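**Student:** Sequence first, then the predicted structure, then my questions.
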Amino acid sequence: MDERVLLTGAEGRVGQAVLEGIGDAYEWRLFDRDPPAEETDYEFIVADVTDDEAVRDAMADVDVVLHLAGDPRPEAPWDSVLTNNIDGTRTVYEAAVETGVDRVVFASSNHAVGHYETERKPDLYRKHDDYRLDGTELPRPSNLYGVSKAAGETLGRYYHDEHGLSVACVRIGNLTKGHPPIDYERGQAMWLSYRDCAHLFERCIEAEYGYEIVYGISDNDRKYYSLERAKDVLGYEPQDNSAEFTIEGEPKEDE
Ligand SMILES: NC(=O)C1=CN([C@@H]2O[C@H](COP(=O)(O)OP(=O)(O)OC[C@H]3O[C@@H](n4cnc5c(N)ncnc54)[C@H](O)[C@@H]3O)[C@@H](O)[C@H]2O)C=CC1
Ligand SMILES: O=C1O[C@H](COP(=O)(O)O)[C@@H](O)[C@H](O)[C@H]1O
């Protein structure tokens with residue numbers, strides 16, 4: 001575990017979950033357009049992910065890129081996702097090829113496939129329903145943000161096929177700290193705990209693969225995303241399950 005890892009969007013929620021869990025395991029270079037909120041011992045580059053030169057420079061001597069930077073809002077407007085998510089992601093893949101980095105892990109989203117839910121909700125959010133998306137389905141984005149995430153996955157496919165880059169696209173569900181989203185069945189179906197999040201990105205750094213799309217959720221009883229690909233290819237072993245919490249987010253008593 002002596003890889004040097006570039007983490008874009010390091011100041012955000014996913015970045016903080018990753019660093020909390022596996023911050024000691026790698027040599028990190030953090031990258032965000034916002035400066036660190038607190039003093040940090042990590043190397044930190046303040047720059048925009050659409051800045052070709054800054055992104056190329058940030059990749060010097062890097063083995064793996066975890067690309068999280070972007071506008072995460074499902075309601076984000078087109079100009080923002082076009083710039084921050086699509087152009088920013090293309091900049092990252094391009095810089096990886098130019099600098100000889102051979103692996104990029106891309107933070108995709110449940111919203112790349114959100115419209116599979118339209119005709120099946122709310123049943124598919126419930127334990128009895130065995131409908132599963134497994135990552136082989138075509139995108140059905142639920143908003144323009146989801147379109148930008150599908151575009152990031154497709155860019156990754158191109159950079160893999162054309163340039164041999166290893167790319168893992170993680171369709172992250174709903175990351176919350178401590179407990180699943182409260183009173184929100186969709187969020188409980190796709191909950192990703194902080195420790196499962198860190199572990200999944202650790203597997204994306206360590207495992208061997210070419211191009212993958214996997215779902216990034218905990219092992220929730222309510223899930224409608226299959227975890228088989230993440231388990232088989234990456235060796236993902238989630239530990240959390242939203243069923244261990246009440247709908248209000250309280251841990252259930254041992255049964
Ligand atoms: N938090 C969640 O549950 C989910 C997150 N994701 C994806 O994971 C990634 C991280 O999300 P969060 O940590 O929740 O978001 P966040 O908003 O907490 O963090 C995003 C970080 O990226 C930085 N950033 C945004 N645009 C940038 C740019 N152009 N250049 C440099 N830095 C930039 C921001 O300053 C921020 O620190 C995003 O790509 C998001 O779409 C996907 C699905 C669910
Ligand atoms: O991609 C994302 O998805 C989660 C879950 O979506 P929601 O519409 O059910 O809230 C969202 O919380 C996160 O901000 C977003 O980046």
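**Tutor:** That came through fine. Please read these numbers as outputs of a predicted model, since none were measured by experiment. Ligands and ions are numbered 1, 2, ... in the order given.

**Student:** is the residue nearest the centre of the chain in a bridge, and if so with what?
**Tutor:** The centroid of the chain falls nearest to Ala107 when counting by CA atoms, centre = their mean (3.0 Å). Here Ala107 sits in beta bridges with Val170, as judged by DSSP bridges.

**Student:** where's the residue of the chain found nearest ligand 1 relative to ligand 2, distance?
**Tutor:** Closest to ligand 1 within the chain is Gly12: 1.8 Å, counting by CB to the nearest ligand atom. No exception for glycine: its C-beta is placed from N, CA and C like everyone else's. Distance, Gly12 to ligand 2, using CB to the nearest ligand atom, to the nearest Å: 9 Å.

**Student:** so the residue nearest to the centre of the chain makes contact with Asp71?
**Tutor:** No - between Ala107 and Asp71 there is no contact under CB atoms under 8 Å: 11.6 Å.

**Student:** interface residues of the stretch 101-250 of the chain facing ligand 1?
**Tutor:** Within the stretch 101-250 of the chain, the positions near ligand 1 by CB under 6 Å from any ligand atom are Ala107, Ser109, Ile172, Asn174, Leu175.

**Student:** out of those, which are inside strands?
**Tutor:** Judged by DSSP state E, the subset of these located in strands is Ala107, Ser109, Ile172, Asn174, Leu175.

**Student:** Count residues in the vicinity of the fourth one, would you?
**Tutor:** Using other CB atoms under 10 Å as the criterion, Asn174 is surrounded by 20 other residues.

**Student:** Leaving out chain neighbours, which residue sits closest to it?
**Tutor:** In this structure, Asn174 finds its nearest non-sequential neighbour in Gly187, 4.4 Å apart by CB to CB, 6 or more residues apart in numbering.

**Student:** so who does the one you found touch?
**Tutor:** Applying CB atoms under 8 Å, 6 or more residues apart in numbering to Gly187 gives the contacts Gly173, Asn174, Thr176, Pro180, Pro181.

**Student:** Phi, psi for it please.
**Tutor:** Per-residue torsions, Gly187: phi -70, psi -30 (degrees, to the nearest 10).

**Student:** So for it, what pLDDT did the model give?
**Tutor:** As summarised for this prediction, Gly187 has a pLDDT of 98.

**Student:** And for Glu253?
**Tutor:** For Glu253, the pLDDT comes out at 79.

**Student:** Intersect the residues of the stretch 101-250 of the chain next to ligand 1 with the contacts of ligand 2.
**Tutor:** With CB under 6 Å from any ligand atom as the criterion, these include Ser109, Asn174 near ligand 2.

**Student:** Tabulate the residues of the stretch 101-250 of the chain next to ligand 1 (CSV), appending pLDDT.
**Tutor:** Formatted as CSV, these follow (pLDDT from 0 to 100):
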residue, pLDDT
Ala107, 99
Ser109, 99
Ile172, 99
Asn174, 98
Leu175, 98
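
**Student:** you'd agree Ser148 is up against Gly88?
**Tutor:** No - counting by CB under 8 Å, Ser148 does not reach Gly88; the two are 9.4 Å apart.

**Student:** Compare the two and say which is more crowded by neighbours.
**Tutor:** Counted by other CB under 10 Å, Ser148 and Gly88 do not tie: Ser148 has more neighbours, with 28 against 25.
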